[in-house]
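Undergrad: have a look; sequence and predicted model below, questions after that.
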Amino acid sequence: MAKILPISRRNVINGHNIDEFETGTKLSSETLNDKLKRFVIEGEENAAQETALQILKTGGDPVEVIEKYLSPAMKAVGEKFENGEYFLTNLMTSAAAMKAATNVLTVGIRKEDREKLRARRMGKVTIGTVSGDIHDIGKNIVAVLLEANGFDVYDLGKDVDSMKFIDRAAEVQADIIAVSSLMTTTKPAQKEVIEFLNEMKLRNKYMVMVGGSPTTKEWGEEIGADGWAETAEEAVKLAEKLMQNKR
Ligand code: HCB
């Protein structure tokens, strides 16, 4: 936990060269990962991008950084928005910082897993964020991790019409349709995708997985999805499990 240095304690901290510490600044015990988390919460896009680069250069694990530091950072931003401490502009600057950092880190994931990618083809996934919902940060992370783990990923983007999930799945002969929703008001669209599949008698042709912060395992079961995942890493495990059951 970062501490604040009072003036009276300058130069007396366990032999550390504390010249670099000014009154009121944070101790450098803050790790790069903690720094990155703070920059995302504070909406510091350039600093977040720079720190993500430093993390990659110093051998940090990009997936761990995303799951353990960046996702909680966005959760904290959401909470601040909810309790009135943050406004929409803060959501936007934090989202920009998050995107800048994940863009850097996902380059690391892609590079790391290039060999693995060549080695196996796991299955085809069409993925998107539901109609009426423009949140795409988490969906993008899921897409990158699936790709890094050998899936062919067809990203439909955000605000995707329910029928488009199905049309594109048919076009590319997908195995899995992954549907993301970030709002309580848009999660019924996940159900709609499954209902359309049922109506078109295509439900057995595709496996459907759902996720996003307002969704739960119970919600996934209630709407008849084949699985729900809380994080991108879990989404990969789930997709692998679904493919195993298919074969
Ligand atoms: Co936005 N927003 N927002 N927002 N936003 C939320 C989602 C609220 C919860 C904030 C709050 O009130 N606490 C809230 C929704 C409330 C509700 O449920 N009804 C909200 C609101 C209200 C809104 C607007 C309506 C605000 C307004 O305009 N007044 C507006 C929505 C407009 C619209 O969509 N029509 C809006 C806009 C924005 C932006 C543009 C400023 C920005 C999005 C930028 C972007 O995505 N390009 C934004 C952001 C950043 C957030 C929060 C703060 C963070 C979301 C995020 O990126 N999380 C969010 C707060 C929150 O979610 N707690 C807030 C980080 C990622 C990594 O997590 O959950 O998306 P994730 O994904 C995970 C996980 O769920 C899973 O894996 C991912 C990686 O681990 N997963 C899947 C995701 N999809 C999966 C699919 C699968 O098949 C499997 C797993």
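TA: Good, I have the coordinates.
Undergrad: longest strand in this protein, please.
TA: Longest strand in the chain, counting residues (DSSP state E): strand 123-129.
Undergrad: let me know the next secondary structure element after that one.
TA: Downstream of strand 123-129, the first helix or strand assigned by DSSP states H and E is helix 137-148.
Undergrad: packing partners of the longest strand of the chain?
TA: helix 137-148, strand 151-155, helix 162-172, strand 176-180, helix 232-246 (3 or more C-beta pairs under 8 Å, 6 or more residues apart in numbering; DSSP states H and E). Just so you know, the C-beta spots here come from the backbone N, C-alpha and C atoms, and that holds for glycine as well.
Undergrad: repeat the analysis, applying 7 Å as the threshold.
TA: helix 137-148, strand 151-155, helix 162-172, strand 176-180 (3 or more C-beta pairs under 7 Å, 6 or more residues apart in numbering; DSSP states H and E).
Undergrad: show me where this protein has its helices.
TA: 32-42, 45-57, 62-65, 71-82, 88-112, 114-119, 137-148, 162-172, 188-199, 217-222, 232-246 (DSSP state H).
Undergrad: which one of the ones you listed is the most hemmed in?
TA: Of all the helices of the chain, helix 137-148 has the most neighbours on average by mean count of other C-beta atoms under 10 Å, namely a mean of 24.
Undergrad: near the ligand, anything from that helix?
TA: Yes: if you take C-beta under 6 Å from any ligand atom as the test, helix 137-148 does meet the ligand, through 137-139, 141-142.
Undergrad: output those residues in a markdown table, with pLDDT appended to each entry.
TA: Formatted as a markdown table, these follow (pLDDT from 0 to 100):
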| residue | pLDDT |
| --- | --- |
| 137 | 95 |
| 138 | 95 |
| 139 | 97 |
| 141 | 93 |
| 142 | 95 |
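Undergrad: which pair of those residues spans the longest distance?
TA: For those, the farthest-apart pair by C-beta to C-beta is 137 and 142; their separation is 10.0 Å.
Undergrad: so how far is the ligand from residue 195?
TA: Distance, residue 195 to the ligand, by C-beta to the nearest ligand atom, to the nearest Å: 17 Å.
Undergrad: sorry, back to before: angle of the longest strand of the chain against helix 137-148?
TA: Relative orientation of strand 123-129 and helix 137-148, computed by axes from the mean of the first three to the mean of the last three C-alpha atoms, to 10 degrees: 170 degrees.
Undergrad: who's in contact with strand 123-129?
TA: With contact meaning C-beta atoms under 7 Å, 6 or more residues apart in numbering, strand 123-129 is reached by 135-136, 139, 142-143, 146, 151-160, 165, 168-169, 172-181, 239, 243.
Undergrad: which one among the residues of helix 137-148 next to the ligand gets closest to residue 92?
TA: Nearest to residue 92, judged by C-beta to C-beta, of the residues of helix 137-148 next to the ligand is residue 137 at 11.9 Å.
Undergrad: how about that closest one: what's its closest non-neighbour residue?
TA: Distances taken as C-beta to C-beta, 6 or more residues apart in numbering put residue 98 closest to residue 137, at 5.7 Å, once the chain neighbours are dropped.
Undergrad: check residue 96 too.
TA: Residue 96 sits nearest to residue 45 (C-beta to C-beta, 6+ apart), 4.7 Å away.
Undergrad: quickly list the domain ranges of this protein.
TA: In terms of domains, the chain is parsed into 17-112, 120-246 (source: automatic domain parsing).
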